[in-house]
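*Asks:* My questions concern the predicted model and sequence given below.
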Amino acid sequence: MSEGLASRLEPIALSSEATVVAEFETDPAEATRYQSEAELETELIRMLREQAYEYLPITSEADLVANLRTQLEALNHVTFTDAEWTRFFTEKISGEKDGIVEKTLRIQEDHVQLLKRDDGSSKNITLLDKIRVHNNRLQVINQYEVPGAPGSGTGGRPQRANRYDVTILVNGLPLVHVELKRRGVDIREAFNQINRYQRDSFWSGSGLFEYIQLFVISNGTLTKYYSNTTRAQHLDERVRAKHGRKTSNSFEFTSWWADSTNRPITDLVGFTKTFFAKHSLLNVLTKYCVLTADRMMLVMRPYQIVATERILNRIETSTNLKQFGTLAAGGYVWHTTGSGKTLTSFKTAQLASRLGDVGKVLFVVDRKDLDYQTMREYDRFEKGAANSNSSTAVLRKQLEDPSARIIITTIQKLSTFVAKNTDHAIYGGHVVIIFDECHRSQFGDMHAAITKAFKRYHLFGFTGTPIFAANAGAGGNPTLRTTAQAFGDKLHTYTIVDAISDKNVLPFRIDYVNTVKVGAVVDKQVAAIDTEKALLDPARVRMVTQYVLDHFDQKTRRNQTYALENRRVAGFNALFATASIEAAKIYYNAFVRLQEDVPEAKRLKVGLIFSYAANEAEVETAAGLLGEEEFETHDLEASSRDFLEDAIQDYNDMFGTSFDTSAEKFQNYYKDLSLRMKNREIDLVIVVNMFLTGFDATTMNTLWLDKNLRAHGLIQAYSRTNRILNSVKTYGNIVSFRDLEEETNDAIALFGNEDAAGIVLLKPYGEYFDEYAKKVTELRERFPLGVQIVGERAQKDFIAVFGALLRLRNILLSFDDFAGNQILSDRDLQDYQSIYLDLHQSFRRMDTAERESINDDVVFEIELIKQVEINVDYILMLVEQHRATKGDGGDREIKATISRAIDSSPSLRNKKDLIEEFVDRLSVDEDVADEWRAYVATKRDAELERIITEENLKPDQTRSFIDAAFRDGQVRTTGTAITTILPPVSRFAKGSNHGAKKQTVIDKLTAFFDRFFDLG
């Protein structure tokens, strides 16, 4: 059998210990056996006893405590004396001052308690065996009775008599409670009854029922489960338990159990056979509950558990088969946006770090703000579980620290580490690498560098919007275009259709509003800049803005109130997404103008945020990606930065803050704005790309859209609105002022189809080669080397022809047949690349007014040139040849080759003078590599000294700043480090140009860094 075929075989059976059943079919006959609540209860107990649960006729606390003692003695192979048991029970179990939170903490994180023996010795007593789960004993009781008592409840209220339906004891502790209602009764009645028990009696006596971790509610037909504390921030109705503690139950966060195909198992018979299977229930209790940093317990949903176990299974099986470093050792999980990927990835990382000889789990993210958000989410789940890092030096230290088992880093930082540490010991270690939101950014050179460096690794990706054949772009490595090609098999799928059906996210309500007819403007057929000019006509902008103001209260449900963080708020808030920074500025002004005559108390609080996004138009039109806006506001053109500064000052006036566009303060503005969105303190935020990915605010329910979106970018943006909050928020509103109906239908169809094709199929080699040969012929005939290309039209034609040739060449490089058949020589390719790069530079320098003529019909394939880029090692090899032939006339040819190679490289062009000077001064005797290193060091020091002198910088601080930049792989333009190197100038002094000075220094140091970073 071929290796390729073997790696594609699917398992024919999965472990019987899988927590979630593979596929479940309901038996219709079984579902008709019972009807009344009493019969329902009897049937449930019968089925549990058939599954080897022991039934106990316990109805009083004395019996419950006596049984607990017996069970703990059996589990721990110990016999308590009466004094020991009384002491242990009073101090370690019942806890006079303990409530739900403390008892949950004991089960989840502190399940081994210390017993002080009568003889003074100590012994560990396990409450729940989390290693060997079948050592735990399951028992079932029913109709447990709590007697009423006057004045013993919270605040002196009477304790009400209650009788509980069915409770499951684990080692004698009540950890699961089932509340039943007869068929035909709303399941919410069972939910509300449990809320009453928490308020009235679970705390009574010794408070053992506060140990309950999971609740199950059923009316026979419908059955759901949930944790003892759903999320406090989503609380619709607060109730108080013993000692005034808040519990936080919200029906919106109850969950269906399901099989691995995401088919809900709703009938109580099916639920009991699957969820209450002993290994399933014990796995959920011991592995798949997560206690957050703020002491709220989350229980994972079945699709999250399946994904986690499939990854763990893939790690173990591929390790046994020694498939390290192959696609067969990894895979990806497609769980739709908003379905809780962070919780799943955290639990996966946590459990993977405990497997066999796995040394490290690297959790890799792509964006700085997502890095911050992911770190915060991880820290919520378990303090200290993840170690974020700010530089490659810190990353290196953590990789070398055996106690740092789970590490969060950015893909850029990891890539820099790999480039600077070519033979680090970590590459030979057993490593699991998990990519969060594995979009296209992971498919390029950085992906290749990381997977080439590590040897014994497993690579996994989580994504809500995978790249399929249907939404893959044309550029890049043709064998790495889709998520499946980059990460391997799809291990589990939970689509947006599944999530909406399960009510784990809200459905979308989409309105298409055509406020102004814009004539014959069709986005796909008219140059983008012309279209945007038409769509930003002042009359249209005014009507769109007025429409938002007129319908805002209706769409955001301002007539409904609910509890949020101990206060009552009315309705929700919204984003307004624009197509460009220019559009965002125009709309912000329109909202200000149209609200001038509105009383201040009734005005919408409107915020604005945008930053620089490189290649924004190209990125957005390519494959549905949203441009990655970073925090580098200094890259904004002056007028846009000034406008943003004024808008932030409006924000400061509104909220009493003091932010601006300087590096650190802008990041803090972003965080403060995020928080005010989540707390419903601001009404509307105007954005370009920021907040459209990787940002969650459950209080947001509406996206106003004057922007073209498609494919995964569309789903990502829409999904900002559909996070579950409470019973008031019933769907996510999309109000689009563009005709995106076709794009929306296509995107939902694609991401709702779990069978979407994951591989881009290549055509036969011959078809690509014939097309390539035609392009080479056209290039040589129309644009012969040595003949200047005159006129903008001819230059654009050359860009189109050579760009098409590059794309075809890139595909052909993946075929073995192409070796030796490239037609175009390396020298000719370099010369054409030089011309191409020169045109790229000249077009980039065109100002905004001229951009209209080239915006849509000139696309530069710079990334494809970088894939075959000349590097310093190649240049030094040519230099070695040059020295060997120096003086015999042949060196002139080699010098020309060196010059040609430099001109054809995007990253070496700004180093040309350095390299040529080195070639001219090269001595006969010295080792080329040693002499190069010494030469670069001398030139680097000299150029840095010149910058220090010219800008009057602090010498020692500047050198330290640059050393850190070379260590980290980037110049830090944010934070306080940059300000420490500037000369002492008061930013508040009259006529101060502190900001301009700082920008000049940043520009010079960045250029210096780019010039010397990859020269050794």
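*Replies:* Yep, that arrived.

*Asks:* need the contact list for residue 271.
*Replies:* By C-beta atoms under 8 Å, 6 or more residues apart in numbering, the contact set of residue 271 is 216, 218, 223, 257, 265. Every C-beta, even on glycine, is put in place using the N, C-alpha and C of the backbone.

*Asks:* isn't the first one right up against residue 179?
*Replies:* Pointing back at residue 216 there. Yes - between residue 216 and residue 179 there is a contact under C-beta atoms under 8 Å: 7.4 Å.

*Asks:* between those two, which one's more packed in?
*Replies:* Under the criterion of other C-beta atoms under 10 Å, the comparison of residue 216 against residue 179 puts residue 216 first, with 26 against 21.

*Asks:* List phi and psi for the more buried one.
*Replies:* Residue 216 has phi and psi values of phi -120, psi 130 when expressed as degrees, to the nearest 10.

*Asks:* And stretch 502-509, end to end?
*Replies:* 17 Å (C-alpha to C-alpha, to the nearest Å).

*Asks:* what is the mean pLDDT for it?
*Replies:* With pLDDT averaged residue by residue, stretch 502-509 scores 80.

*Asks:* Stretch 361-380 too?
*Replies:* The average of the pLDDT scores along stretch 361-380 is 65.

*Asks:* which strands and helices sit next to the helix or strand where residue 913 lies?
*Replies:* Using DSSP states H and E, the element containing residue 913 is helix 912-921. Other helices and strands packing on helix 912-921, by 3 or more C-beta pairs under 8 Å, 6 or more residues apart in numbering; DSSP states H and E, are helix 872-885, helix 891-903, helix 928-951.

*Asks:* at 10 Å instead, please
*Replies:* In terms of contacts (3 or more C-beta pairs under 10 Å, 6 or more residues apart in numbering; DSSP states H and E), helix 912-921 is packed against helix 872-885, helix 891-903, helix 928-951, helix 994-1012.

*Asks:* Where does the prediction get shaky in the stretch 51-200 of the chain?
*Replies:* For the stretch 51-200 of the chain, applying pLDDT under 70 flags the ranges 148-160.

*Asks:* what's the answer for the stretch 651-800 of the chain, then?
*Replies:* Applying pLDDT under 70 to the stretch 651-800 of the chain picks out residues 727, 754-763.

*Asks:* same question, the stretch 851-1000 of the chain
*Replies:* 851-876, 878, 880-895, 900-910, 921-926, 967-970, 973-976, 985-995.

*Asks:* Swap in 80 and give it another go.
*Replies:* 851-936, 964-980, 983-999 (pLDDT under 80).

*Asks:* Enumerate the positions of stretch 350-367 that are buried.
*Replies:* Within stretch 350-367, the residues that count as buried by 16 or more other C-beta atoms under 10 Å are 350-353, 358-367.

*Asks:* can you pull the contacts of residue 753?
*Replies:* 468, 470, 493, 495, 497 (C-beta atoms under 10 Å, 6 or more residues apart in numbering).

*Asks:* Leaving aside the residues adjacent along the chain, what's closest to residue 645?
*Replies:* Once flanking residues are discounted, residue 645 sits nearest to residue 661: 5.1 Å by C-beta to C-beta, 6 or more residues apart in numbering.

*Asks:* Now do the SS call for the one you found.
*Replies:* Put simply, residue 661 is coil when judged by DSSP: H, G, I helix; E, B strand; the rest coil.

*Asks:* What is the burial count for it?
*Replies:* Residue 661, neighbours per other C-beta under 10 Å, totals 21.

*Asks:* show me what contacts it?
*Replies:* 611, 631, 633-634, 636, 640-645, 647-648, 669, 995.

*Asks:* what about 6 Å?
*Replies:* 633, 641, 644-645 (C-beta atoms under 6 Å, 6 or more residues apart in numbering).

*Asks:* give me phi/psi at it?
*Replies:* Reported as degrees, to the nearest 10, the phi and psi values for residue 661 are phi -90, psi 10.

*Asks:* mind starting the numbering at 646 from now?
*Replies:* I'll keep to 646 as the first residue from here, and by that count the last item is residue 1306.

*Asks:* Which residues does stretch 1141-1149 contact?
*Replies:* For stretch 1141-1149, contacts defined as C-beta under 6 Å, 6+ apart pick out 901, 907, 981, 984, 1150, 1152, 1396-1397.

*Asks:* now the residues you listed in JSON lines, with neighbour count and distance to residue 1415?
*Replies:* Below are the contacts of stretch 1141-1149 laid out as JSON lines (neighbours: other C-beta atoms under 10 Å; distance: C-beta to C-beta, whole Å):
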{"residue": "901", "neighbour count": "20", "distance to residue 1415": "55"}
{"residue": "907", "neighbour count": "22", "distance to residue 1415": "46"}
{"residue": "981", "neighbour count": "26", "distance to residue 1415": "42"}
{"residue": "984", "neighbour count": "23", "distance to residue 1415": "46"}
{"residue": "1150", "neighbour count": "22", "distance to residue 1415": "48"}
{"residue": "1152", "neighbour count": "14", "distance to residue 1415": "49"}
{"residue": "1396", "neighbour count": "25", "distance to residue 1415": "36"}
{"residue": "1397", "neighbour count": "16", "distance to residue 1415": "38"}
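
*Asks:* So which of the residues you listed is the closest to residue 1319?
*Replies:* residue 1150 (19.9 Å; C-beta to C-beta).

*Asks:* Am I right that that closest one sits in a strand?
*Replies:* No - applying three-state DSSP, one finds residue 1150 to be coil, outside a strand.

*Asks:* Who are the contact partners of it?
*Replies:* Applying C-beta under 6 Å, 6+ apart, the residues contacting residue 1150 are 983, 1144, 1367.
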